[in-house]
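A.B. asks: got a sequence here, can you build the structure:
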Amino acid sequence: MEHHHHNHSHAHPDLKGRNLVISILLNIIITLTQVVGGIVSGSLALLSDALHNFSDVLSLIVSYIATVLSKKEASTNKTFGYKRAEIIAAFVNASTLIIVAVILIKEAIVRFISPQEIESNIVIWLALLGIVANGFSVILLKKDADSNMNMKSAYLHLLTDMMASIAVLVGGFLMMFYKIYWVDALLTLLIALYLIYMGYKLLIASTKVLMLFTPETIEVQKIVLELCKIEPIRNVHHVHIWQLNEAEVHLEAHIDFKEDISLSKFDTILNEIEEKVFHDFGINHVNIQPEFGKCDSKKVIVQD
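C.D. replies: Modelled structure (predicted):
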């Protein structure tokens, strides 16, 4: 079996790691101040924001560990290295978003039933702190979030928390000027629903990668038809296509040839296959098993 791959440019892990460390420290400060402020003021929205911030700290630590692990080299007993560490981190972080949201919904319902008077001044000032600190963290992670699922999961934690802080700020002003204390529970509920929405999408995306599903942008049948146009390929079967991480998409297939070609000719055809699937389908790792006159089913395109 031949294996070829195109080189890929990767993000700067050292820069990602530094940005994550800064975000971790900022969120530890926010969490501690919001816990104290939430207890003193009696604000459930502030405490829920603190809980979300604490989940941010955990998710950022997970993301940082995954970023460090992903740089480790492969070995004989870890032939892929830790390339999937960041996907696992994205899965864990998405799961925590949903778990935190469920806890917040429960607390919001309790507060709706029995609203409490809240010290709005503390809520306003701590919400402002959350907006500034999380806003800075969002800016730090935005660039890497566009191309890396792990960084996107950390980015979403911070972005939703910044939005939560904005909601808490609005609620603080409503409580200060209009004494509408039930808005605290309402904002908590809205924050939780938004967390579920964002977390679910990321959870599904990371699960598909972990389950080795074929990327949604790739049609297996179309690849088979394109490869069969190359002479002297007779048939393409037993195909597997999966995404290892953000940077690598793998294709594995058996190819039946019309004639008993030489190894040098096979290498030429293999290069043509590699170029075609890379430029047309974004596949950068190709594993091909050549066959001529082998007795196996040529009709099975996909097989376990």
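
A.B. asks: any idea how far whichever strand in the chain runs longest is from the chain center?
C.D. replies: Counting residues, the longest strand found in the chain (DSSP state E) is strand 233-243. When C-alpha coordinates are averaged (CA atoms, centre = their mean, to the nearest Å), strand 233-243 and its chain have centres 28 Å apart.

A.B. asks: could you do stretch 44-60 as well?
C.D. replies: For stretch 44-60 - counting by CA atoms, centre = their mean - the centre lies 19 Å from the chain centre.

A.B. asks: ok, and what's touching the longest strand of the chain?
C.D. replies: 208-209, 212-215, 218, 220, 223-224, 227-228, 249-258, 269, 283, 289, 296-303 (CB atoms under 8 Å, 6 or more residues apart in numbering). (Glycine included, C-beta is placed from N, CA and C.)

A.B. asks: give me the buried subset of those residues.
C.D. replies: Buried subset of the contacts of strand 233-243 (neighbour count, 16 or more other CB atoms under 10 Å): 208-209, 214, 218, 220, 223-224, 227, 249-257, 269, 283.

A.B. asks: for the closest residue to Gly130 other than its chain neighbours, give me its contacts.
C.D. replies: Nearest non-adjacent residue to Gly130, counting by CB to CB, 6 or more residues apart in numbering: Ser165, 3.3 Å away. By CB under 8 Å, 6+ apart, the contact list for Ser165 reads Asp49, Ala127, Leu128, Gly130, Ile131, Asn134.

A.B. asks: contacts only, for Ile283.
C.D. replies: Ile218, Ile241, Val249, His250, Leu251, Val277.

A.B. asks: now do Ala133 against Val40, distance only.
C.D. replies: Ala133 sits 19 Å away from Val40, going by CB to CB, to the nearest Å.

A.B. asks: name the residue in these two with the higher neighbour count.
C.D. replies: Taking other CB atoms under 10 Å, Ala133 and Val40 do not tie; Ala133 has more neighbours (22 against 13).

A.B. asks: surely the more buried one touches Leu26?
C.D. replies: Yes. Ala133 sits in contact with Leu26 when judged by CB atoms under 8 Å, with a separation of 4.5 Å.

A.B. asks: how is this protein carved up into domains?
C.D. replies: The chain is divided into the following domains under automatic domain parsing: 2-210, 220-291.

A.B. asks: buried deepest among the ones you listed, which one?
C.D. replies: Highest mean neighbour count among these (mean count of other CB atoms under 10 Å): domain 2-210, with a mean of 19.

A.B. asks: just the mean pLDDT for that domain, thanks.
C.D. replies: Here domain 2-210 scores 81 as its mean pLDDT.

A.B. asks: quick one: which of the contacts of strand 233-243 sit in helices?
C.D. replies: Among the contacts of strand 233-243, the members falling in helices are Lys208, Val209, Val220, Ile223, Val224, Leu227, Ile269 (criterion: DSSP state H).
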